[in-house]
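> next come a sequence and a model predicted from it.
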Amino acid sequence: MTGDSLDVLPTEADVDAILEEFGGDARKAIRALLHDLLVLAADYETSVSKGFVRGRLAVVQRLSTNEGGLSG
């Protein structure tokens with residue numbers, strides 16, 4: 001372990017648990033995970049100074065503004 005935050009990647013068991021939670025429907029699982037990511041990003045954006053993040057959330061914002069978005 002290098003102390004990097006990427007050292008704690010989801011395990012196969014974590015992936016299996018998410019899929020099981022959504023009845024094996026990968027699209028529903030991905031949609032829910034993307035929704036959670038957007039919620040966390042919005043919370044992060046409101047609780048961290050703009051100077052600190054400097055546009056690091058641009059990718060997440062692009063996801064939420066794409067045509068079709070994450071709804072439905």
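The structure has been received and is ready for your questions.
> state the mean pLDDT of stretch 27-38.
Computed over stretch 27-38, the mean pLDDT rounds to 94.
> convert the C-alpha atoms of it to CSV, please.
The C-alpha atoms that make up stretch 27-38 are tabulated as CSV, following Å, rounded to 0.1, in the frame of the first residue of the first chain:
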residue,chain,number,x,y,z
ARG,A,27,-27.8,0.1,-16.1
LYS,A,28,-29.8,0.8,-12.9
ALA,A,29,-26.7,0.2,-10.8
ILE,A,30,-24.6,2.6,-12.9
ARG,A,31,-27.4,5.2,-12.9
ALA,A,32,-27.6,5.1,-9.1
LEU,A,33,-23.9,5.3,-8.7
LEU,A,34,-23.7,8.3,-11.1
HIS,A,35,-26.5,10.0,-9.2
ASP,A,36,-24.7,9.4,-5.9
LEU,A,37,-21.5,10.8,-7.5
LEU,A,38,-23.4,14.0,-8.5
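> please point out which parts of that stretch sit buried.
Ala29, Leu38 (16 or more other C-beta atoms under 10 Å). Yep, even glycine has a C-beta here, placed from its N, CA and C like the rest.
> below-threshold pLDDT in the protein: ranges please.
Flagging of the chain using pLDDT under 70 yields the residue ranges 1-7, 44-45, 47-72.
> can you give me the helices for it?
Counting by DSSP state H, one finds helices in the chain at the ranges 12-21, 26-47, 50-53, 58-65.
> quick one: Ile18 and Arg31 touch, right?
No: here Ile18 lies out of contact with Arg31, judged by C-beta atoms under 8 Å, at a distance of 11.5 Å.
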